[in-house]
Every structure is written in C-alpha cells, then in structure tokens.
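Peer 1: requesting a structural model of the entry that follows:
(one chain, ligands or ions: 1)
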Amino acid sequence: MGFFSTSKTIGILGGGQLGKMLLNTTRQWDINTHVLDPSPEAPARIACNLFVQGDLMDYQTVMEFGKNVDVLTIEIENVNSEALIDLEKQGVQVYPQGRVLKIIQNKYRQKEFYKKNRIPTSGFEFFESKEALKDAVARGFVSFPFVWKSESMGYDGYGVKMIRSNQDLETISEGGCLAEDLVTIHKEIGVIVCRRPSGETVSYPSVEMEFHPTANQVEYVLSPARISNQIEKKAQEIARQVSEAFQHVGLLAVELFVTKEGDVWVNEVAPRPHNSGHFSIEASYTSQFEQHIRALLDLPLGSTQNKVSGVMVNLVGSENHQGPVRYKNIEHIMAIEGVNPHIYGKKETRPFRKMGHITIVNESLEIARQIAEQVKETIEVISQ
Ligand code: ADP
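Peer 2: Here you go, the predicted model:
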C-alpha cells in the first residue's frame, strides 16, 4: 500500500462545506490536497495545500486541474463528467467514476438505471419538454397529483414540485422532466454506503430525515432511524444492491422512502459525502469524510457503528436576512452538553442558505432530539 510514504495528491472538485470537512481527515493524515472551486471565498480554501479558482463545468479547467493529482474526487455533482472520463483514460484515479456521475447527474438516466437493475423506485414517465408534459396531461396520460422533477441540475428540492392542478403545471420550468408517481411517504430515511476499489463495502445504520415544511430542506437528521428491524434490514439490503449495481468507489448516500405499506423505495443517490451523514463526525466510530478518504486510498474501511445517538440540525439562514452573517445565541447552545456546532465559514447569509450544522450527541436518541429542538429554537442565523 505505502500510501503514507508517498507524495500522492488528492484533488477535490468543489470547495464547499463538504470539501472542507473532507480536509479534516487529509490534515489529520498529512495528505496533500488540491481544491477547485469557482468562488475565491470557498469554505475549503483554508484547509487545502493548493486552491485553484475555476469553473467546475468547464472541460479544459477540470482537465488541467485533474492532470496534477493522483486521485480525483468530488464534493458536488455539477462538474464536467466528460473531463472525468477522459482523465480516467489518462491514468488518474477518479472516484466516483465519470460513468457513475454521468448517470446520477441526470434524473431520467438515474431512474432508468434503477429500473434496469430491478431496484425498487416509484413509477415515472419522461418528457422532453414542458409542452410535451402539458400535452400528456391534457390527453389524460398523466393525472394529478404527481411529482415534477427537472431532468438536470436539481439541488435541495429546487427542481422538484408537487403538481396538483393545471395552475401548478404553469409554474414549472422549461426543459426535459420526469412526472413521478406521488409516493405516500411514511418516513424518509437514508443509508450511506462506502465501497473500496477492491469491492469491500460497509454501510452506516439508517438515518431518519425530517424536512422543513416549506423550504423542502432537511431540518433534523436522526441516527439511528426510528424504524423496525425489518425496515432497517430492507433498507440495508436495497442500499447494498444500489451500491453493487453502480460499482462506485467512495461514498454513496442512498435516499429512501418508507411507504405507508412498509415498502422501501429508492428516491435518489449522491456519490459523495452527504448532509445526512454529518452526524457521523461525532456519533460514529468513523466519520463519513474519513470513510471516503479511506476508500479513495484503498485503505481498510472503518467501523460504521454509532458510539452514541446523534441528531443533526442544519443551520440555515433565517428568512428576511441577507448580508454579512451573525450566529445569534450560539454561546447559549454551546453551554448544553453534547452540542457540537460546525460553522462552514460562508461570509454572507441568505434565506435558507446552508451556513453550518449542529450535531447533538447523547446516549438517548430521545433526549438528543429534544435538545435539537431547543437548539433550533435558540440559535438564529441572521445578518449583522
Ligand atoms: P433534490 O434532488 O432536489 O433533493 P429529491 O428528488 O430528493 O430532490 O426530492 C425532494 C423531496 O421531494 C424529497 O425529499 C421528498 O420529500 C419529495 N419527493 C420527491 N419525490 C417524491 C415522490 N415520488 N413522491 C412523494 N414525494 C417526493
């Protein structure tokens, strides 16, 4: 293996908070890192060895950046996947592989992939344009209610809308899209899987996600999920099946719906560190970020067991606040046992922008959840 005695470099496409948290491990292990991000104020900038400012979607920029590293990874999906495929051909180890990313970047290709691999997911139809979808609705081929999803560039629910009427239909954007069957969701859960080049695979216990009622962003992530052993077993089996089908390397966050009937369906996946895995920094034996670095370097994967229960609260910008950020009352929540704030270092706040997160650990999940609510009610992300 000999990794620690070499001068290998890991490159990360994207310098947001996920990149910054990956760099905790590379710092701990003294691994050289390069980061590419369009913003000169990218949160990860302070912790890498070399920061390059550039467009992640530009083929040449990604090729130039990738040529100078041994292992290339991502912390955001919107990168030029053609460049990744070509860098692989030139001998750079790219994890997740360009072919995996290409499938995931497009919601239609992703759903087709599940269908082809017999992975349980909700029914769907693809339409080339908004007009084609409207036409299918008018002819009665698609009926309300359904879930509209833009084919590409969806992020944090912005490319997703519940469509219950012709009026709703007017609000969707142009372009290729999916009309998905509306699932009667009992719970949204997630399983993070990690896979090494050799195929060794581990997975974290399911987490449970609670969403903000209007912003469609995750409000609390609970680890472990409050589900029966039977559902947990099903979720783990399906997540492993998805991982096996992709043959990815590194993390794969699998988002799942548990239906009222007790079925478990895949919603979508992300081949990178994920918001639903932040709890693992304090609550697990191995954090998702360390796990990803282990996989990239083909090192033995770590234990995914919880040391304690964890509840993660996203710190998002308050409504009606825009400008230089202030974390009001942070000193009050820090006085509570088991409260661990993470501040991403973004200078400006905007309504619902992810500015940080807080993980609350406790032997009891119930107590951690109660403290999480107290934390959420106390701290406020506002402008100065
Ligand atoms: P994004 O990629 O923008 O995060 P998702 O596909 O995860 O979008 O959808 C966002 C949210 O919309 C999900 O977490 C879920 O609450 C809801 N949702 C998505 N698809 C369906 C569906 N088929 N039925 C019911 N709700 C859905």
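
Peer 1: in stretch 80-94, what counts as buried?
Peer 2: 80, 81, 83, 84, 86, 87, 88, 92, 93, 94 (16 or more other C-beta atoms under 10 Å). No exception for glycine: its C-beta is placed from N, CA and C like everyone else's.

Peer 1: Three-state assignment for the fifth one, please.
Peer 2: Secondary structure state of residue 86, per DSSP: H, G, I helix; E, B strand; the rest coil, is helix.

Peer 1: tell me which element the residue lying closest to it once chain neighbours are set aside falls in.
Peer 2: Take residue 86 and drop its neighbours on the chain: the residue closest to it by C-beta to C-beta, 6 or more residues apart in numbering is residue 63, 6.6 Å away. Using DSSP states H and E, residue 63 sits in helix 59-67.

Peer 1: so after that helix, what's the next helix or strand?
Peer 2: Past helix 59-67, the next helix or strand by DSSP H and E is strand 71-74.

Peer 1: and that next one, how far from the chain's centre?
Peer 2: 16 Å (C-alpha atoms, centre = their mean, to the nearest Å).

Peer 1: show me what that strand is packed against.
Peer 2: strand 9-13, strand 93-94, helix 288-296 (3 or more C-beta pairs under 8 Å, 6 or more residues apart in numbering; DSSP states H and E).

Peer 1: swap in 6 Å and give it another go.
Peer 2: Other elements packing on strand 71-74 under the criterion 3 or more C-beta pairs under 6 Å, 6 or more residues apart in numbering; DSSP states H and E are strand 9-13.

Peer 1: quick one, the strand it packs on and helix 288-296 angle?
Peer 2: 120 degrees (axes from the mean of the first three to the mean of the last three C-alpha atoms, to 10 degrees).

Peer 1: so what does strand 9-13 touch, helix or strand wise?
Peer 2: strand 32-37, strand 71-74.

Peer 1: ok, the residue nearest to residue 86 to the ligand distance?
Peer 2: 27 Å (C-beta to the nearest ligand atom, to the nearest Å).

Peer 1: that residue contacts residue 85, correct?
Peer 2: No - counting by C-beta atoms under 6 Å, residue 63 stays clear of residue 85, with 10.8 Å between them.

Peer 1: contacts for the helix or strand hosting residue 313, please.
Peer 2: Residue 313 belongs to strand 309-316 when assigned by DSSP H and E. Contacts to strand 309-316, defined as C-beta atoms under 6 Å, 6 or more residues apart in numbering, come from residues 218, 220-223, 278-279, 283, 352, 354-362, 365, 368-369, 372, 375-376, 381.

Peer 1: for stretch 212-222, same thing?
Peer 2: Counting by C-beta under 6 Å, 6+ apart, 156-157, 207-211, 275-276, 279, 311-314, 352, 372 sit against stretch 212-222.

Peer 1: please apply the same query to stretch 322-331.
Peer 2: 349, 350, 378, 379, 380, 382, 383, 384.

Peer 1: relative to residue 342, which of these is nearest.
Peer 2: Nearest to residue 342, judged by C-beta to C-beta, of these is residue 379 at 12.2 Å.
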